[in-house]
Structure formats: structure tokens, C-alpha cells
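Enquirer: Predicted model, plus sequence, below.
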Amino acid sequence: MNKLTRCLALALVLVLILMMTGCQKEAPKATETPVVTDAPTQAPTDVPTQEPTTVPATQVPTDVPATQAPTDVPAAEETEPAEDVDAAAEDSLELASTNPVLATIGDREITLAEADEIAYLLYYYGYVEEYPNYQEAVEYLAETAIIEKHIAEAGYDQFTEEEMAAFRNEAAAEWEAQLDTYVNNYLTEDTEEARAQLRTQAEAYYASQGYSEATALENALMNEAYARMEADMRGDYVPTEEEIQNVFNEYGAQYQKVYENDVPNYEYTTQYYGYESWYTPEGYRGVLHILLEADQTLLDAWEAAQVELDEAASAETVDEAAVKAAEDKLAAARQAIVDSKKTEIDDIYARLEKGESFVTLIGEYNTDPGMQDPATLESGYQVHPESIIYDQDFVKGSFQEHMTAPGTYSEPVVSGFGIHVIYYLRDVQGGLIMTDDIRTEIVTFLESNYMQDAYDKGMAEWSEGVVITVDEEMIANVTAEINKAIEEQTAAQQSTEAAQ
């Protein structure tokens, strides 16, 4: 059977076993990312056009997919990943004179062939770093045998005729859907003959992958058996409000410790990397703005004047007259930009003085695409006096001295993008904030922990009286043989590639 198919065929069981062997979700915690000790020397070159997307800070590897048909229909020339490892896996039984027994669980023997499939599966999905790891594979198979024994004894795999009929219908529908997917993917001429040929081809392809309608039925039955077992283990457990709050307080404190006095790190983590934080530093405000584009020649002159002033002010021997001249030149360059849009600016401020909606004026004058997003219009750009993700002139303009409360707006602000009129929309709540998404994350975490404890207790009971014997010497021998084969094959492949 194809290695990728073996991965898919055993995946659901792997998910459950890995829960019992310590691969459960980690506690939510402050993301470990590089701490920014200084703001970047260069601010981002663009004002973000939308609020940054955030994802949960606790990044848990995606569960191995449940048993299913291959989701991609590869072209004929497509090869499988990790060719050197996969080829060695296929040849592993040829390296041993027999199919040796690596362990026994009660009266059941675990052979190299069985362990090899699992070892590859663990490697393929990233649960172990290298292939082959037969020690982990044997532990997995031992856990599987104990669970399957418990499922059989508890009758979770027993179904009524009515239930079996429903599962058969489900499997038939899934099988037909897979065939249709294949046919529609490759259909170039929509005729009955072409469809019939592709259907035959699809059946052959899926058969080569070890997948069929019977496989779909087996999957459905296995899924339901494990679901029944887990439902009994879960019982009526629901995390209490106290449990939820305790987790929030415990791990929220970690976020606060990292970000409370480090706005650059907070923005670097949440907005550059896209991680979620349970804590928001105090001092943020949401702002809207109207961006008026300015003539590029005028902007270039203004930026050149800024450089000239910086050089004069940072000279080894500061010439006060040169600094004053550079300041005057910069002020004149700024005024030229503002004057170039005087009509629009005067109209905007006149209408604001009359109480007209800032959002209405955005619709008429603004050129920043971010201000077209309804979500941004509702919450604004989140800006802090120490922000690093926005143009620094924009940041300073968002905190002009007279802007002391929501509803106030700035004097014209010039930046490398043009002219801004900035509106103080709202204060952003700081501190620890439990959003609905965070609450859901905590509930999932608590449920996962509860199930982990239930599995631990269950395994202790189910494995009573089961004798497990592992042949450590045999595992070491076959591991050494296969590692040698992989090394030789890799060297040969590298030699061939070098010769081409």
C-alpha cells in the first residue's frame, strides 16, 4: 500500500493515541517571539490599509486529518514527499532476513512491518523528528491495542442494522463524491463516454491509494466507535466560570508581563506576526483619517528638507544658523504641500466646524483604501504614542496636544504619503480583556485537559493485566539497518544529481 495512503488510513487512531502519550494541547501562554528592545530603524513604508489579522497566541500543530480519501488528485508525474525516507521505508522489510517481532502485547505480536507503517506515519505528520523511530511506533501500537480491546469490551463498535444502513449510505455518498471530484477535475470533453472513462480511471487511482467505498465505511464505523468512547469519557463535563477565569488570570499575567511596558514588542508580535494577545497596553486610541494625495515633487522636496535638517542637527559641531535655515526650509516645504490642497483642506475643516460627519468627509475626500473598510471605520486604526507600525508623522499627528478627547481632530499633518486630517474616534480599552475568541480558546484548553486526565485514568484501568514486552535489541538492530540504507540512498541520489 502507498505510504501516503497508510498515513491517511491510520490517522484518526493516531490523533487519539497521541493525546494519551502527551501530545495534548499546551496551555495558552504568551507567545515566545523575539523581544524588540528598540524600535526598528525604519518605520513601515505604508499606513496599514486594515486592522491586522490576529490569531490565537497558542499555536498548536493541526491535528492529523481523520481517515479520508486523498484530497488531491495528482498528475501522473507527481511524486510523494521525502523520497529518500519513503523509499527506504518501502524497502525496510528487504533489509531484514525476516519480519522480526519487535514487541508483544499480551498474546499479540508487533512485527517490523506494523511498526514501520506507524514509524513513517509519525514522521510524516511531524510527531517525531526522524524516521524510523520504532520505539515510539511500538508504544503507539501498544496503546492502540489497549484502546481497541476496551472499545470491543465496552461494545462501542456494535451497531444496529438501522445504524449500519445509515453508515453504508454515508460511505456510498462519500465514495461517489470522490469519484465525481476526480472526474470533474480531469474532464475536458463533457460526454458520457469521457465521464465513464474517467470514472474507471478514478476507481483505479483510488484503489492504488488503498481507498474504496469499503474503506469509507470502515472509516465511518471507526470514527463513531471512538466518538462513543470519548462521549462516555467526557460525560457531562463543562468548564466552570471559575475554571475559565483562573486560566485567564494565570496566563493573562504572562501576556501583561511581556507587553505592559513594551509597545514596540506588542505591535511587532501582534501586527507583524499576527499573534493574538490577551493584554493590550494602556494608551491606545482608535483614529480615522482623511488622506489627501500631494504632488510627488513637493513631497520629495519636503523629505529632502527633513534629511537636511537631520544632518545639520546631528553634525559633530552643530551650526545653529544652519539648523535654523534647515528648519525654515522644512517649514516652507511643508507649507507648500498644505497650500497645494488649500481648497480641499479649508472645505473639510469648514464642514467639520458645522458638525458634519467625519465618515461622510472620508467618503468624499479620502484616498487611503483602509478607510473604505467598514470594520476600520467602526474601530479606527489603533495608534499609541510609541507605535512603530505607522508613519511617525502620522503617529505624532494622532496625538496633537489639543486632541484630548474623542471627537477632536488634528491640524493638517504632512507625511510621506500626503496630507492627513486625523480624527480621534475612541479610546482603546487597555489591560487584560477576555474576548469571545479567548474564552473559546480557554474552554477548549480546559476540555482538552479534562479529556487528557480521563484518558490517563482510562489507560491505567484498561491496561491492567496486559503484559507488554519490548525487544530493545531487535529495535536497535533494524533501526541501524534502515538508517544505513537511508544514508546510502541519500549519498547515491546526491551523487547522481551532482553528475547531471
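Expert: Nice, thanks for sending it over.
Enquirer: C-alpha from now on. contacts and neighbour counts both.
Expert: Will do.
Enquirer: Tell me where the model's unsure across the stretch 51-200 of the chain.
Expert: The model of the stretch 51-200 of the chain has pLDDT under 70 over residues 51-97.
Enquirer: would you list every one of the helices in it?
Expert: Per DSSP state H, counting those that start in this stretch, the stretch 51-200 of the chain carries helices over the ranges 83-95, 112-124, 134-154, 161-186, 192-208.
Enquirer: I'd like to know which of the ones you listed is closest to residue 263.
Expert: Among these, helix 112-124 comes nearest to residue 263, with 39.5 Å by C-alpha to C-alpha.
Enquirer: Just the CA trace of that closest one, in PDB.
Expert: Extracted in PDB, the C-alpha atoms of helix 112-124 (Å, rounded to 0.1, in the frame of the first residue of the first chain):
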ATOM      1  CA  LEU A 112       8.600  -4.800  12.000                       C
ATOM      2  CA  ALA A 113       6.100  -4.400   9.100                       C
ATOM      3  CA  GLU A 114       3.400  -2.900  11.500                       C
ATOM      4  CA  ALA A 115       5.900  -0.700  13.300                       C
ATOM      5  CA  ASP A 116       7.400   0.500  10.100                       C
ATOM      6  CA  GLU A 117       4.000   1.900   8.900                       C
ATOM      7  CA  ILE A 118       3.400   3.700  12.200                       C
ATOM      8  CA  ALA A 119       7.000   5.000  12.300                       C
ATOM      9  CA  TYR A 120       6.600   6.500   8.900                       C
ATOM     10  CA  LEU A 121       3.200   8.000   9.900                       C
ATOM     11  CA  LEU A 122       4.600   9.600  13.000                       C
ATOM     12  CA  TYR A 123       7.400  11.100  10.900                       C
ATOM     13  CA  TYR A 124       5.200  12.200   8.000                       C
END
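Enquirer: about what we covered before: now tabulate the helices of the stretch 51-200 of the chain in TSV and tack on distance to residue 440 and mean neighbour count.
Expert: Output for the helices of the stretch 51-200 of the chain, formatted as TSV (distance: least, C-alpha to C-alpha, whole Å; neighbours: other C-alpha atoms under 10 Å):
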stretch	distance to residue 440	mean neighbour count
helix 83-95	39	17
helix 112-124	29	23
helix 134-154	29	18
helix 161-186	31	16
helix 192-208	38	15
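Enquirer: would you list those in CSV and tack on distance to residue 475?
Expert: Listed next are these as CSV, based on distance: least, C-alpha to C-alpha, whole Å:
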stretch, distance to residue 475
helix 83-95, 13
helix 112-124, 9
helix 134-154, 6
helix 161-186, 38
helix 192-208, 30
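Enquirer: nearest to residue 438, of the ones you listed?
Expert: Of all those, helix 112-124 comes closest under C-alpha to C-alpha, at 30.5 Å.
Enquirer: Show me this structure divided up by domain.
Expert: Using automatic domain parsing, the domain parsing of the chain gives 3-44+80-236+439-499, 283-295+338-429.
Enquirer: Of those domains, which is nearest residue 316?
Expert: domain 3-44+80-236+439-499 (20.8 Å).
Enquirer: Strands of the stretch 251-400 of the chain, residue ranges please.
Expert: Shown for the stretch 251-400 of the chain, the strands assigned by DSSP state E, counting those that start in this stretch span residues 279-280, 285-292, 381-383.
Enquirer: can you tell which of these is closest to residue 424?
Expert: Of all those, strand 285-292 comes closest under C-alpha to C-alpha, at 4.8 Å.
Enquirer: what's next to that closest one, contact-wise?
Expert: Strand 285-292 has contacts (C-alpha atoms under 8 Å, 6 or more residues apart in numbering) with 341, 361-362, 365-368, 371, 377, 379-384, 398, 417-428.
Enquirer: If you count neighbours, what's buried in stretch 405-413?
Expert: For stretch 405-413, burial by neighbour count (16 or more other C-alpha atoms under 10 Å) applies to 409, 410, 411, 412, 413.
Enquirer: do the same with stretch 427-443
Expert: So for stretch 427-443, counting by 16+ other C-alpha under 10 Å, buried means 427, 428, 431, 432, 434, 438, 441, 442, 443.
Enquirer: Also stretch 467-482?
Expert: 470, 475, 478, 479, 482.
Enquirer: Same check on stretch 385-399?
Expert: Buried residues in stretch 385-399 (16+ other C-alpha under 10 Å): 386-392, 394-399.
Enquirer: now the domains of the chain in JSON lines, with distance to residue 242?
Expert: As requested, these are exported to JSON lines (distance: least, C-alpha to C-alpha, whole Å):
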{"stretch": "domain 3-44+80-236+439-499", "distance to residue 242": "11"}
{"stretch": "domain 283-295+338-429", "distance to residue 242": "23"}
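Enquirer: filter the contacts of strand 285-292 to the buried ones?
Expert: 341, 361-362, 366-368, 371, 377, 379-384, 398, 417-428.
Enquirer: What lies in contact with the helix or strand residue 249 falls within?
Expert: Counting by DSSP states H and E, the secondary-structure element that holds residue 249 is helix 241-259. Residues outside helix 241-259 that contact it (C-alpha under 8 Å, 6+ apart) are 28-30, 265-266, 277-281, 431-432, 434, 439, 442-443, 446.
Enquirer: Tell me which residue of the protein is furthest from the middle?
Expert: residue 321 (55.5 Å; C-alpha atoms, centre = their mean).
Enquirer: Roughly how far does it sit from residue 498?
Expert: Distance of residue 321 to residue 498, given as C-alpha to C-alpha, to the nearest Å: 66 Å.
Enquirer: returning to that earlier point: pick out whichever of the buried residues of stretch 385-399 sits closest to residue 168.
Expert: residue 389 (55.7 Å).
Enquirer: quick one: pLDDT of that closest one?
Expert: Looking at residue 389, its pLDDT is 93.
Enquirer: same thing with residue 466?
Expert: On the pLDDT scale, residue 466 is placed at 89.
Enquirer: Please report how far it lies from residue 202.
Expert: According to C-alpha to C-alpha, residue 466 stands 44 Å off from residue 202.
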